[in-house]
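Chemist: Quick one, fold the following:
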Amino acid sequence: MKQPKANKHDGWTVVKQQLQDWDAAQLTSLIKDLYETDAENRHFIQARCKAGKEGEEGGAEMLETYRKKITKQFFPKSGEAMLNLAEAQKNIRDYRRATGSIPGTAELMMTFVENGSLFTREYGDIDEDFYDSVESVLDELAKLFRSEVRDLYPQFSARLTKLEQITDGVGWGFHDYIADVVYQLEKDLNG
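Modeler: Residues are numbered from 1 along each chain as shown. Below is the predicted model:
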């Protein structure tokens, strides 16, 4: 059975209007309920609070929490890799939305690409979707380096060069793609 379309009065506008009438205690109670309801809500609220408290980086602890979530998709502490790349990418977006930290987001993107490269080096050829996913995150990272975090590029340059070395010999055009992006970044930002 097809769900009826949501009435425009059922959306965020109505919720926002209602929340504007609430006092601090009511808002705090709502946030507490959301916090206790779901682990993702907890991580998001913790990241947002730490970002506000600890400055632009969103707190080293929170960054490390998200880094571990990404790494776990490729190399879990026990068992086989989950390799849920969509979940790993979602963690990058969630971190950015929660903290607003562009440098932290760049770090998580780099973590994703490094782990993807190490994974294919360790386990051999994967599939086209895997390589497309890693390449798209690298593209987003390159875009950040060319705009919002250009000044951080030197801190990532050696890691990008190592990435190129790690992928040497990997098929599906993956190494060539990595090498092209790394070369172009070096040319654009250090040339």
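
Chemist: Just the CA coordinates for stretch 18-37, please, in CSV.
Modeler: What follows is stretch 18-37 as a C-alpha-only set of coordinates in CSV (Å, rounded to 0.1, in the frame of the first residue of the first chain):
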residue,chain,number,x,y,z
GLN,A,18,6.5,24.3,18.1
LEU,A,19,10.1,24.2,19.4
GLN,A,20,10.4,28.0,19.3
ASP,A,21,7.7,28.1,22.0
TRP,A,22,9.5,25.6,24.3
ASP,A,23,11.6,26.7,27.2
ALA,A,24,15.2,25.4,27.9
ALA,A,25,14.0,22.6,30.2
GLN,A,26,11.6,21.2,27.6
LEU,A,27,14.3,21.4,24.9
THR,A,28,16.9,19.7,27.2
SER,A,29,14.4,17.0,28.0
LEU,A,30,13.8,16.4,24.3
ILE,A,31,17.5,16.2,23.6
LYS,A,32,18.0,13.8,26.5
ASP,A,33,15.2,11.5,25.0
LEU,A,34,16.9,11.6,21.6
TYR,A,35,20.2,10.9,23.2
GLU,A,36,18.9,7.8,25.0
THR,A,37,16.9,6.5,22.1
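
Chemist: any idea how far that stretch is from the chain center?
Modeler: Averaged C-alpha coordinates place stretch 18-37 at 27 Å from its chain's average position (Cα atoms, centre = their mean, to the nearest Å).

Chemist: can you check stretch 71-80 too?
Modeler: Remark: stretch 71-80 is offset 17 Å from the chain centroid, using Cα atoms, centre = their mean.

Chemist: Now do the buried residues in it.
Modeler: Going by neighbour count (16 or more other Cβ atoms under 10 Å), the buried part of stretch 71-80 is T71, K72, Q73, F74. Where you see a C-beta, it was placed from the backbone N, CA and C, and this is true even at glycine.

Chemist: With the flanking residues excluded, which residue is spatially nearest to the last one?
Modeler: When you say that, I think you mean F74. If you skip the residues right next to it in sequence, F74 has N115 as its closest partner in space, 4.1 Å away by Cβ to Cβ, 6 or more residues apart in numbering.

Chemist: Which other helices and strands does the helix or strand Y95 falls within contact?
Modeler: Element membership for Y95, per DSSP states H and E: helix 85-99. Under the contact criterion of 3 or more Cβ pairs under 8 Å, 6 or more residues apart in numbering; DSSP states H and E, helix 85-99 touches helix 39-54, helix 60-74, helix 102-123, helix 128-146.

Chemist: For the protein, which residues score under the pLDDT cut-off?
Modeler: 1-9, 19, 27, 43, 47-48, 50-58, 191 (pLDDT under 70).

Chemist: If we use 90, what do you get?
Modeler: Of all residues in the chain, those with pLDDT under 90 make up the ranges 1-62, 79-82, 99-100, 124-125, 148, 171-172, 190-191.
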